[in-house]
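K.L.:
Provide a 3D model corresponding to the input given below.
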Amino acid sequence: MASNAFRLAIIGAGGIAAAHAAAVKDSGGRLVITAVIDPVAANREKLAGEFGAAAFPSHAEFFAANKKSKIADGVLIATPPSIRIDIVAAALKHGVPVLSEKPLAHTLADAKKLAALSRKFKKTPAFVGYCHRFSPAILEMKAQLASGKLGRLTRFENFFACDLPGHEKKWFSDPKVAGGGALLDMGSHSFDLLHFMVGPSDISGASLDHKWKGRTETGGVVLTRAKKKGVNIPVGATGVIISGWAETSRFTVALLGDQGMLAYDYEKPEELVHKDLLGKATITPIKTCGVRFLEQLLAFADAVSKKKNPASKNLATFEDAFAAAEMDAKARKKAK
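P.N.:
As a prediction, the model looks like this:
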């Protein structure tokens, strides 16, 4: 371990933790995992063993140990949303910087409480893992919109949909644990991308699909309208968001303007497509979206360490995450 490596503790050693762990391994020694916290012994021991990290069965035990002798410089919270609030609160109260997985919480009420906690403990850095903000294509699309290459924005489109067999049996389909289904899980990223690329928007229409009785929604469609003028973004610019767990896979983001459009397909991760008004396409090579977890973790580490890193400004704050939670709640209300 490099002496100046940023020490990271991971709370929750499930599937998404593996993606972050892979990013740590790709960091060239700039990041290291020094603690793993999970109530399931097999999960925590496996991940901790990969890094020679300390293992704890509860966040309370970790924070107590970290207070006695500093183990980590920051904590990544990768638990189910329903149990996140107590963990985030404990981290902030102990002054441990936080990068929490999205969504901020499983209910709007808890999201509001967490946003308030981040304001109360404002000296402790706290961010939410909206990793698509660190996809090179997304940043390039945002820059080209601001440059005027697309003219004035007319529409934002985002599809995050896939066929996820067996999802109805998983915890994220349980309303009590997850709070919501495909829209809260995948659509949460979409709401944040809209906020990040376009700005504040109103919900103008929404519908939800339910294929399993007593489980969370399997899909959702949301229509939006920009409510604040931005650079080349007029009030009223529309947005279309589609989320799904039980349909044909499609992961795309597009910006359509009155002078051209940009489209990115996550399944063609090294291509950004520009089309002019006549439909002539130009493909620009782009760095793969696969770097987004690493770039986000490095931005978090530098924000905590107060190192200069322009990418740190792209980190999603708790206030940003609360804005996404509010949009989710409004879409659900609209869909009823």
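K.L.:
Please parse the protein into its domains.
P.N.:
Using automatic domain parsing, the domain parsing of the chain gives 6-130, 132-335.
K.L.:
ranges for the helices of the stretch 201-336 of the chain?
P.N.:
292-305, 318-335 (DSSP state H, counting those that start in this stretch).
K.L.:
Flag the helix or strand of the protein with the lowest per-element mean pLDDT.
P.N.:
helix 175-178 (a mean of 83; mean pLDDT, DSSP states H and E).
K.L.:
ok, back up a step: could you export the domains of the chain as JSON lines, including mean neighbour count?
P.N.:
Heads up, the C-betas are built off the backbone N, CA and C, glycines and all. JSON lines is the format used below for the domains of the chain (neighbours: other Cβ atoms under 10 Å):
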{"stretch": "domain 6-130", "mean neighbour count": "19"}
{"stretch": "domain 132-335", "mean neighbour count": "19"}
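K.L.:
Please identify which of the helices of the stretch 201-336 of the chain is closest to T248.
P.N.:
Counting by Cβ to Cβ, T248 lies closest to helix 318-335 out of the helices of the stretch 201-336 of the chain; the figure is 21.7 Å.
K.L.:
quick one on the thing from earlier: for the helices of the stretch 201-336 of the chain, please prepare TSV with the additional fields distance to A13 and mean pLDDT.
P.N.:
Below are the helices of the stretch 201-336 of the chain laid out as TSV (distance: least, Cβ to Cβ, whole Å; pLDDT from 0 to 100):
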stretch	distance to A13	mean pLDDT
helix 292-305	16	97
helix 318-335	22	97
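K.L.:
Dump the ones you listed to TSV, plus distance to T154.
P.N.:
Formatted as TSV, those follow (distance: least, Cβ to Cβ, whole Å):
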stretch	distance to T154
helix 292-305	27
helix 318-335	20
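K.L.:
Minimum distance to I242: which of the ones you listed has it?
P.N.:
Here helix 318-335 is closest among those (Cβ to Cβ), at 11.9 Å.
K.L.:
contacts for that closest one?
P.N.:
102-105, 108, 111-112, 114-115, 117-118, 126-128, 130, 180, 183-184, 187-188, 191-192, 194-196, 200-201, 203, 205-208, 220, 222, 224 (Cβ atoms under 8 Å, 6 or more residues apart in numbering).
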